[in-house]
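K.L.:
Sequence unavailable; structure follows:
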């Protein structure tokens, strides 16, 4: 049985300016990947949380060739939760590789730069690393974790409500491949906003995967 690993890429704000997608740093204070909505089409559709000070930030974002907003789920004067097709070279490398998936935490910030997390098999991550190195400045470092051996790793304890949402997501096939339901379906079942479901799943996934990485070192 194949084991999963994490690949993590870190870049300072100065280094991130040299990367594809650097325009996001000019538009948003922070651009955060929450989860994958769909990988069935030509382009992956992802859920993002963005924070901004410019009231026209979303208009500028939708004008970028590398993105196409599909739905704005929530919006206020300083932030938004939205779904978008991603067409840039880095997400397309992940999308075209059947053994890699973008994961949390993955953020771009004008204050802290880029932090990218990719989950995948050993073979998939090595292929992705070889390909992405052709797009990166030589000063940027990439690391791959050891194998994540789920049987020997204890899952972290989640808050009661968060654990309940994760269990309902599992029960309804959210984590099956292909997925049997979407976040909006879970929101209807739970009687809460899709954004709330997304946040709970994001933090739960981040806690669980971080625990796996730390325990597998």
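P.N.:
That came in fine, so what should we check first? Because the structure is predicted, anything quoted here is derived from the model rather than measured.
K.L.:
Can you pull the domain assignment for this protein?
P.N.:
Per the record, the chain has its domains at 4-144, 150-216, by automatic domain parsing.
K.L.:
if you go through this protein in chain order, where are the helices?
P.N.:
13-16, 24-27, 57-62, 89-95, 122-132, 160-171, 183-190, 194-216 (DSSP state H).
K.L.:
closest one to residue 40 among these?
P.N.:
Closest approach to residue 40 among the helices of the chain (Cβ to Cβ): helix 89-95, 10.5 Å. Using the backbone N, CA and C atoms, a C-beta is placed for each residue, glycine as well.
K.L.:
buried residues in the closest one?
P.N.:
90-95 (16 or more other Cβ atoms under 10 Å).
K.L.:
Same question for stretch 67-84.
P.N.:
67, 69, 73, 79-84.
K.L.:
any chance of those in CSV, with distance to residue 131 and pLDDT too?
P.N.:
Compiled in CSV, the buried residues of stretch 67-84 are given as follows (distance: Cβ to Cβ, whole Å; pLDDT from 0 to 100):
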residue, distance to residue 131, pLDDT
67, 21, 93
69, 27, 95
73, 32, 89
79, 33, 93
80, 31, 93
81, 30, 92
82, 28, 93
83, 26, 93
84, 23, 95
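K.L.:
now the buried residues of helix 89-95 as TSV including pLDDT and distance to residue 131?
P.N.:
Below are the buried residues of helix 89-95 laid out as TSV (pLDDT from 0 to 100; distance: Cβ to Cβ, whole Å):
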residue	pLDDT	distance to residue 131
90	90	10
91	92	12
92	93	10
93	93	5
94	94	10
95	94	12
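K.L.:
pLDDT (mean, whole number) over stretch 170-180?
P.N.:
Mean pLDDT, computed over stretch 170-180, is 81.
K.L.:
From one end of it to the other, what's the distance?
P.N.:
Stretch 170-180 has an end-to-end distance of 10 Å (Cα to Cα, to the nearest Å).
K.L.:
Give me the buried positions along it.
P.N.:
Neighbour-count burial for stretch 170-180 [16+ other Cβ under 10 Å]: 172, 174, 179.
K.L.:
give the contact list for the second one.
P.N.:
Read it as residue 174. Shown in contact with residue 174 (Cβ atoms under 8 Å, 6 or more residues apart in numbering): 180-183, 186, 201.
K.L.:
now, which of the residues you listed sits nearest residue 140?
P.N.:
Closest to residue 140, out of all of these and judged by Cβ to Cβ, is residue 201, at 29.1 Å.
K.L.:
Would you quantify the distance from the residue nearest to residue 184 when sequence neighbours are not counted to residue 179?
P.N.:
Leaving aside its chain neighbours, residue 184 sits nearest to residue 194 (5.0 Å; criterion: Cβ to Cβ, 6 or more residues apart in numbering). Here residue 194 is placed at a distance of 14 Å from residue 179 (Cβ to Cβ, to the nearest Å).
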